[in-house]
Each structure stands twice: as structure tokens, then as C-alpha cells.
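1. no sequence on this one, just coordinates:
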């Protein structure tokens, strides 16, 4: 795995030995990834425990906060690993093959569009990336729903899913912006630079 | 050109337009489907039953080991019990129009209210 960290800011010290330095950074990165994975699992569980929204397929998608934050702080590859790990673990704990299929298709769809656009919009306009991710997530889930039920009539959900994606994506994007502003004092990343 | 696509204003307008369009579509679908009187029940993508929503009823739809108990009450249809894991079909509650069909993906069940096949016009008065 390539190193995307600014050494000093992560380790807080400079170590002469490059080999040790590398290992140290790798360890820190793996620890950060593990923490972010568990945070996103917790968010996923909390969301599942909240009273459900009476419209099928509509949810806020708290886990996407973690995907966005890790994409900015750690990098895209790490964010993808965190996403996949979260989906696998969530499905192992509470889910079926089908819910796994729903999550992985939606998640990968959302991730691809976010990875493509995050450099374009940068940190400041991350809400746009978030909305695009939400739209693609819902599009992926709708595709799985049509495929799984074999009923094209399910596509009647499309306008509702689009509307909910725009609303929830904006909310999640704003939360992410606030979170990154708070985090930036703790972790300084050079992975995604602000575009002015 | 690139500036337009990365500007906040462009995307705010785009998303707002999309949101408004989808809201309009939702409202059109809802107003067009307020008088649904029959419901079609699909299992494994096959129409297995058409029921009238005028009569209160309760019955079980089985698909292998899976079952959904469907209840019709006051012109509305709902799944009141299911052995599926996510229970989304039960949580969705009662529906009386074709806007949001009840879909139970684990049990491969779809309940759709059909507004085009209304029962005799004399029922409306």
C-alpha cells in the first residue's frame, strides 16, 4: 500500500530509520482504518435501531459519513476497504445474502461516483459529492430490487428515491463538512487539497 | 466551462430542479391513484391473487417456507405478519394506492394496488 500520509503530522515525530518509519505509519493507518470501520458499523447499527422511515428504501445513510471522511483523510483505496469491510461485517451480524447484495451494489456504485468526483469538488464542496453518492447508491439499490423481485414496476420508487437521495445526501454532506473541520485540527491530510 | 460545473450554484440549481421534478411526479402519481380498489399480489413475479379492497379480509400467502399474512381493512391493505428478516413489509403499514407497492424482497412478494381496475362505478356514488 502506498503511503499517503504526511509523516510528521501523523506520527508527531520524525524517525530517522526509514524502515521503522514505514512500519509505524502503516500501523497507524491500519489502526485508523480499523477504528473508522468500527465507527461506521456503529453508525449502521444505530441507524437500524432508529424508528424506521415508513417509506421503503429510504434511509439517512450515516455510514456514508465515514466513507467520505476516510476518503479525504486516508485516501480512496483505504476508504474502499473500509466500506467493503463494513458491508461484510454488517451482513454477517445482521443480514442475508440479499441484504448483502443490496448494500454492496449500492455501496460500490456510490463509492465509484464519489471517488471520481471528490477531487473535482474538494473538501469545501463535499456535499455535492455526497449527494451524487446518495443518488448512485439509491440507483444501485433500485437496480438490485428490480433484479431480485423481477418486477420492473418497482421502478415506480425512482422519484421518491431521487428526492430522498438529494435530501439525505445534502444532510450527510453538511455533517461531513462539519466533521472534517473539527478533524482538521487533529489530522492534517494532504490527500485531498482544497480547491479554491 | 469547468468553473460552471464545479460551482455551488450550478449544483444547487440542478438538485433543486431534480427535487422539484420528482416531487411533482410523486404528487401526480398520488393524485392519479387515490381510488385504487383492487390489489394484485405477486409471488415469485407471478400474479397469484387479485383481491378487492372493499371487503375486510385476512389471509396467508406462502412461498416455500416463507409466509406473509396479509390484512385488508377499511379499504387498505397491509402485511401484518411475515417471517422475513428485515420486516420492512410489515413496517410499511397500510397502503391504498399504487404509489408505493409493498415489496417483501426476502419472500419475493409484491403487493400492488391497481387503480385502473376499479370495481363497478356504482360503488362510488
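-> Yep, it's here. This is a predicted model, so every value here is computed, not measured.
2. beta partners of the closest residue to residue B:81 other than its chain neighbours?
-> Residue nearest to residue B:81 in three dimensions, not counting chain neighbours: residue B:69, with 4.1 Å by CB to CB, 6 or more residues apart in numbering or on different chains. To be clear about C-beta, it is placed using only N, CA and C from the backbone, and glycine gets the same treatment. Beta-bridge pairing of residue B:69 under DSSP bridges involves residue B:60, residue B:81.
3. burial count for residue B:69?
-> Counted with other CB atoms under 10 Å in any protein chain shown, residues neighbouring residue B:69 total 15.
4. And residue A:124, by the same measure?
-> For residue A:124, the number of neighbouring residues by other CB under 10 Å comes to 13.
5. List of residues touching the helix or strand of chain B with the lowest mean pLDDT?
-> In chain B, the helix or strand scored least confidently by mean pLDDT, DSSP states H and E is helix B:2-6, which has a mean of 74. If you take CB atoms under 8 Å, 6 or more residues apart in numbering or on different chains as the criterion, helix B:2-6 is touched by A:120, A:121, A:125, A:195, B:10.
6. ok, now with 10 Å
-> Under the contact criterion CB atoms under 10 Å, 6 or more residues apart in numbering or on different chains, helix B:2-6 has outside partners A:117, A:120, A:121, A:122, A:125, A:128, A:195, B:10, B:11, B:14.
7. just checking, the residue nearest to residue B:81 touches residue B:77?
-> No. Counting by CB atoms under 10 Å, residue B:69 stays clear of residue B:77, with 11.7 Å between them.
8. on that earlier part again, show me what counts as buried in the least confident helix or strand of chain B.
-> The neighbour-count check on helix B:2-6 (16 or more other CB atoms under 10 Å in any protein chain shown) flags nothing as buried.
9. so after it, what's the next helix or strand?
-> The C-terminal neighbour of helix B:2-6 among helices and strands, as given by DSSP states H and E, is helix B:8-32.
10. Could you give the separation of that following helix from the chain centroid?
-> 20 Å (CA atoms, centre = their mean, to the nearest Å).
11. what does the domain assignment say about chain B?
-> Here chain B is described, according to automatic domain parsing, as comprising the domains B:2-32, B:38-118.
12. Tell me which of the ones you listed is the most buried.
-> For the domains of chain B, the largest average neighbour count (mean count of other CB atoms under 10 Å in any protein chain shown) is found in domain B:38-118, namely a mean of 17.
13. for the record, mean pLDDT for that one?
-> Model confidence over domain B:38-118, given as mean pLDDT, is 83.
14. Quick one: distance of it to the chain centre.
-> 9 Å.
15. if I look at the most centrally placed residue in chain A, how far off is residue B:41?
-> Nearest to the mean C-alpha position of chain A, counting by CA atoms, centre = their mean, stands residue A:67 at 1.8 Å. Here residue A:67 is placed at a distance of 38 Å from residue B:41 (CB to CB, to the nearest Å).
16. If anything else comes up later, I'll come back, but that's it for now.
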